[in-house]
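**Q** The following comprises the amino acid sequence and a computationally predicted model.
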Amino acid sequence: MMVTEITERENLYQEAFRALQESAPDPRGSWLARLRENAMESFQELGFPSTKDEEWKYTNVAPIAKVAFQPQTTATDQFGAKELASFSIPEAEASQLVFVNGLFRDDLSSLTALAKEVVAIDLSRAIADERYSEIVRRHLAREADHIAQGFVALNTALASSGAFVYIPRGTVVEAPIHLLFLAAGSQTASFPRVLVVAEANSSATLIESYVSVDAGQYFTNAVVEIALEDGARLEHYKVQRESAEAFHVATTVADLGPNSSYDSTAITFGAQLSRHDIKVTMDHEGAECWVDGLYLVTASQHTDTHSVIDHKKPHGTSHQLYKGILDGKSRAVFNGKIFVRHDAQKTDAMQTNKNLLLSNEARVDTKPQLEILADDVKCAHGAAVGQIDEDELFYLETRGIHHDLARNLLTYGFAEEVIGKIKIDSIRTQLDEAVLNRLNARLEA
Amino acid sequence: MLEIKDLYAAIDGNEILKGINLTVKKGEIHAIMGPNGSGKSTLAKVLSGHPAYQVTQGEVLYEGKNLLDMPPDERAREGVFMAFQYPIEVPGVSNAQFLRLAYNEKRKHLGEEELDPLEFKDLLKERAKVVEMDASFMTRSVNEGFSGGEKKRNEILQMAVLEPRLAILDETDSGLDIDALRIVAGGVNQLHNAENAVILVTHYQRLLDYIVPQFVHVLANGRIAKEGGKELALELEQKGYDWLKTTGSEASGVGAQTS
């Protein structure tokens, strides 16, 4: 039985891969075709990671390998503006790229708020456009490792659509650019691929959100690559609100130029199993990053964040705050590595992971790691796992606030440290509401 | 309003209160004084329903109802308020959010309509004058990063918003400089009227120069050792608490003590 399932699954990925290669204009010769070929070979060698792999010790992806998900190759014309309304972000109404099952939907996208020098288009279109193909070629699959990482390999082999965001030198983009990934249907697999290139002294905000229209089981395997040149600034929000049955595996890699600034906030609410790998490489002087996140899980959800912040050059600064709220029998993994290489003198690195357990059956495995090879640095890290503070609870109760409401208020306050830093009002409000709704749902259960 | 009858209470098996009797009528101000470890803070915590304390004997009637049967939040909605000796910080929850929630919980309890954020803002602005707090305190997280004096003023602000019938102030004067003490005491005096009552728990007479009680009760070793009018506080100021150990002889036998 098992063998049949795996064969079927592999056939589906293989078939999609061949179809993709055959549809390419110059199947053999193009760099893209070769990249895909290599990636597919890697995937066939690596397969999906197993719990024997140290990096996947606490996260078993066998359920993903077991299901015969169908990679999507042609965009559906399901859904109109109406269905989208509830997922749109008012601040980005006219700077929004919409994808259904990972495939770009021109008709649902709107980019009128963006200046004409700013490029935000379907990645496949960028590859075909001679104005951008060189830029894509220079950056695509450079930081994301399709040779050693199975999920990245699979995405690289099968991604046929995605977003290419290009901010030219000195351009300040006011409107946040929203990449809205909508999942629809059941047993589908989607492979969103995003490439962001921000040239010197540019500034932009990117929102990456994952939602579903129906509650089915599906698989999202996303890869986002970000290259920031000298003095570029990017604010990046990833909001994962996949369906409760979904599988979500995402890889974010950011390469920071000199004096650039990357501010990432990753919010995880959805999916039965989710994994986010985020890697920030600081191979130039004076770069600064914030790598923050909040995961809020319940029932039997499992979420895993693996982060790497790699200080390679002097005068880099990194800040990391990840908070987790776990209820029911949920489980979370946080593994945060910070490397301070030999040359990275005057590095300032601060890492914190705090977890709030709302139930006795929830469990978190947290592992902050600092590896310091330079001798003149300021680094600190810490992790905490705790429950609602009894003194705080009593204090609220003595003000007439019901026990359950007081618990919710304290939980909300715990999340607020991350949510509060979000600079886009409507996202912050939405998340506040989502947190409170989640908590109310818990009370009813 | 409040009748405490032969009240015994313990924490972790150690008996702290050993037969307290006290009656408070509306319009009155009572001071509970006593040395460290006499049980005065324990009395305040038992009245507010702190879960760490067990009542082992006796009863407390509030407005004729059994106070000890009510969970702490219900006591608060019924009009009992305790200002904490060490107010708790609540990160991530703004003072305004917290106060509105507490205020509306009480309104709901009384069958009144809740106030929306704008309506509440007006009310809060008005009440904040009582303790001379400006608007910047309302958007900050509850007590987070507040100085000792600001925390105590924030307690009295909560009292001003919630309008309790019975307010218990647990060592509200501790850690206050003279200006903050004057503001806090002034706030309590403005809020006190013929329909409510105040119990001041304090170690020092100093507070009573500003908030003048009609009755002073001195606790020693878990019992009321001496009672009198406001002049008793002055007597304590002169003599200290040591003499109680001899005159309060029936309360002798030093048990486990905590403050």
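**A** Received, thanks.
**Q** Residue 194: helix or strand, and which one exactly?
**A** Because you didn't say which chain, this covers chain A. strand A:193-198 (DSSP states H and E).
**Q** What's the mean pLDDT across the host helix or strand of A:A384?
**A** For A:A384, the element it lies in under DSSP H and E is strand A:378-386. Mean pLDDT, strand A:378-386: 95.
**Q** Please apply the same query to stretch A:50-70.
**A** The pLDDT scores in stretch A:50-70 average 94.
**Q** swap in stretch A:92-110?
**A** 94.
**Q** residue of chain B with the smallest distance to chain A?
**A** Chain B approaches chain A most closely through B:G92 (3.0 Å), counting by Cβ to the nearest Cβ. Where C-beta positions appear, they are placed from N, C-alpha and C, glycine not excepted.
**Q** residues in contact with the strand or helix carrying that residue?
**A** Per DSSP H and E: B:G92 is located in strand B:90-94. Strand B:90-94 has contacts (Cβ atoms under 8 Å, 6 or more residues apart in numbering or on different chains) with A:392, A:395-396, A:409-410, A:412-417, A:420, B:98, B:138-144.
**Q** Now list the buried members of those residues.
**A** The neighbour-count test (16 or more other Cβ atoms under 10 Å in any protein chain shown) marks A:392, A:395-396, A:409-410, A:412-417, B:98, B:138, B:141-144 as buried among those.
**Q** quick one: which of those residues sit in strands?
**A** Secondary-structure check on the buried ones among the contacts of strand B:90-94 using DSSP state E: residues within strands are B:S141, B:V142.
**Q** how's chain B carved up into domains?
**A** Per automatic domain parsing, the domain ranges recorded for chain B read B:1-42+B:49-70+B:208-259, B:82-163.
**Q** how far is the shortest one from where the chain is centred?
**A** So that's domain B:82-163. With Cα atoms, centre = their mean, to the nearest Å as the basis, domain B:82-163 stands 16 Å off its chain's centre.
**Q** How about stretch A:11-18?
**A** Relative to its chain's centre, stretch A:11-18 lies at 25 Å (Cα atoms, centre = their mean).
**Q** now do stretch A:71-90
**A** 20 Å.
**Q** which residues touch it?
**A** Residues from elsewhere that reach stretch A:71-90 (Cβ under 8 Å, 6+ apart): A:12-13, A:16, A:19-20, A:96, A:98, A:100-105, A:108, A:158, A:160-161, A:176, A:178, A:180, A:182, A:184-185, A:188-191, A:207, A:209, A:211, A:213, A:424, A:426-427.
**Q** Now with 6 Å, please.
**A** A:16, A:19, A:100-101, A:103, A:105, A:108, A:158, A:178, A:180, A:184, A:188-190, A:211, A:213, A:426 (Cβ atoms under 6 Å, 6 or more residues apart in numbering or on different chains).
**Q** Point out the other helices and strands that the strand holding A:A384 packs with.
**A** Using 3 or more Cβ pairs under 6 Å, 6 or more residues apart in numbering or on different chains; DSSP states H and E, the elements in contact with strand A:378-386 are strand A:348-357, strand A:363-372.
**Q** ranges for the helices of the stretch 51-200 of chain B?
**A** B:72-77, B:95-109, B:117-128, B:136-139, B:148-162, B:178-191 (DSSP state H, counting those that start in this stretch).
**Q** got those as TSV, with mean pLDDT and distance to A:N259 columns?
**A** Below are those laid out as TSV (pLDDT from 0 to 100; distance: least, Cβ to Cβ, whole Å):
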stretch	mean pLDDT	distance to A:N259
helix B:72-77	96	52
helix B:95-109	92	38
helix B:117-128	92	41
helix B:136-139	88	33
helix B:148-162	94	39
helix B:178-191	93	46
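**Q** between the ones you listed, which gets nearest to A:D277?
**A** helix B:95-109 (35.7 Å; Cβ to Cβ).
**Q** average pLDDT across the helix or strand hosting A:A16?
**A** According to DSSP H and E, A:A16 maps onto helix A:2-23. Regarding helix A:2-23, the rounded mean pLDDT is 75.
**Q** who does the helix or strand following it touch, helix- and strand-wise?
**A** Next in sequence after helix A:2-23, counting helices and strands by DSSP H and E, comes helix A:31-46. For helix A:31-46, the elements it packs on are helix A:150-158, judged by 3+ Cβ pairs under 6 Å, 6+ apart.
**Q** and the next element down the chain from the helix it packs on?
**A** Sequence order places strand A:162-167 as the next helix or strand after helix A:150-158, per DSSP H and E.
**Q** Helix A:150-158 and that next one, what's the angle between them?
**A** Put simply, strand A:162-167 runs at 90 degrees to helix A:150-158, going by axes from the mean of the first three to the mean of the last three Cα atoms, to 10 degrees.
**Q** Strands of the stretch 201-350 of chain A, start to end?
**A** Remark: strands assigned in the stretch 201-350 of chain A by DSSP state E, counting those that start in this stretch are A:203-212, A:219-228, A:233-241, A:247-256, A:261-268, A:273-282, A:288-297, A:302-311, A:317-326, A:331-340, A:348-357.
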